[in-house]
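**Student:** Generate coordinates for the sequence data below:
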Amino acid sequence: MSDEFRQIQNLVSKMLTDIHETKRLGSALTFLTRYSDEGNEFINKIVTWVCHVTPESKQQSMEWRHSRSPTKKKKNQNNFASTQSHVFWGRQGILLVEFLPRGAVRYCETLRKLRRAIQNKRRGMLSQGTVLLHDNAGPHSAGITQNLIQPFGWEITRPTYSAHMNTKFAYYRDYLEN
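**Tutor:** Residues are numbered from 1 along each chain as shown. Down below sits the predicted model:
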């Protein structure tokens, strides 16, 4: 076992309950079974994503304020603003990159853009089936999101989320920070 895997394993065991670990294991076994049955066709259907938040420095925040504007109250305000980027990709590469202000309620619009990106960049993928790796975050499990996704015909997977299990981010961290 690699040292990196052991570190992740130690962190995850502290973050997930036994029930969550069992659900995670069940999700992993389902994926392995489908890969065994369908091979690369299953891998080609998968679309996954990462959200990266870039905080704005205090100096950058000050550049947007008017010189006569009142100072912020420290106890009620954050010292920084931030931007978040959503990157969606499949086996053949990146499908969609979208930059949003933090807290923007635009997830449904992002999914519509993702569907158009799949239509334009991966001809036939929508008709062959799309598996979207999702978690149980609020915007992902909201009723409005579910109502939007249902007519798309996408298969949604929702394994229990753990930030320490989100290793897909490690592959794109350098790309996102540059």
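
**Student:** looking at this, F31 is in a strand?
**Tutor:** No. Secondary structure of F31 (DSSP: H, G, I helix; E, B strand; the rest coil): helix, not part of a strand.

**Student:** Flag every buried residue along the host helix or strand of T54.
**Tutor:** In this structure, T54 sits in strand 46-55 according to DSSP states H and E. Within strand 46-55, the residues that qualify as buried are I46, V47, T48, W49, V50, H52, counting by 16 or more other CB atoms under 10 Å. All C-beta atoms are positioned from the backbone trio N, CA, C, and that covers glycine.

**Student:** Output it as CSV, restricted to C-alpha atoms.
**Tutor:** The C-alpha trace of strand 46-55 is given here as CSV (Å, rounded to 0.1, in the frame of the first residue of the first chain):
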residue,chain,number,x,y,z
ILE,A,46,-18.9,8.7,-16.9
VAL,A,47,-18.9,12.4,-16.4
THR,A,48,-17.4,13.8,-13.1
TRP,A,49,-16.6,17.2,-11.8
VAL,A,50,-14.7,19.2,-9.3
CYS,A,51,-15.4,22.6,-7.7
HIS,A,52,-12.4,24.7,-6.8
VAL,A,53,-12.7,27.9,-4.7
THR,A,54,-10.2,30.6,-5.2
PRO,A,55,-10.3,33.2,-2.4
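
**Student:** tell me which strands and helices it is in contact with?
**Tutor:** Applying 3 or more CB pairs under 8 Å, 6 or more residues apart in numbering; DSSP states H and E, we find strand 46-55 packed against strand 82-90, strand 131-133, helix 168-177.

**Student:** Strand 82-90 and that one, what's the angle between them?
**Tutor:** Interaxial angle, strand 46-55 versus strand 82-90 (axes from the mean of the first three to the mean of the last three CA atoms, to 10 degrees): 160 degrees.

**Student:** who does strand 46-55 pair up with?
**Tutor:** If you go by DSSP bridges, strand 46-55 pairs up with strand 82-90 (antiparallel), strand 131-133 (parallel).

**Student:** deepest of the ones you listed, which one?
**Tutor:** strand 131-133 (a mean of 19; mean count of other CB atoms under 10 Å).

**Student:** Pass me the low-pLDDT residue ranges in this protein, would you?
**Tutor:** Low-confidence segments of the chain (pLDDT under 70): 1-16, 55-82, 101-105, 135-141, 158-178.

**Student:** same thing but at 80, please
**Tutor:** Residues of the chain that meet the criterion pLDDT under 80 lie in 1-18, 20-21, 24, 51-84, 100-106, 134-143, 157-178.
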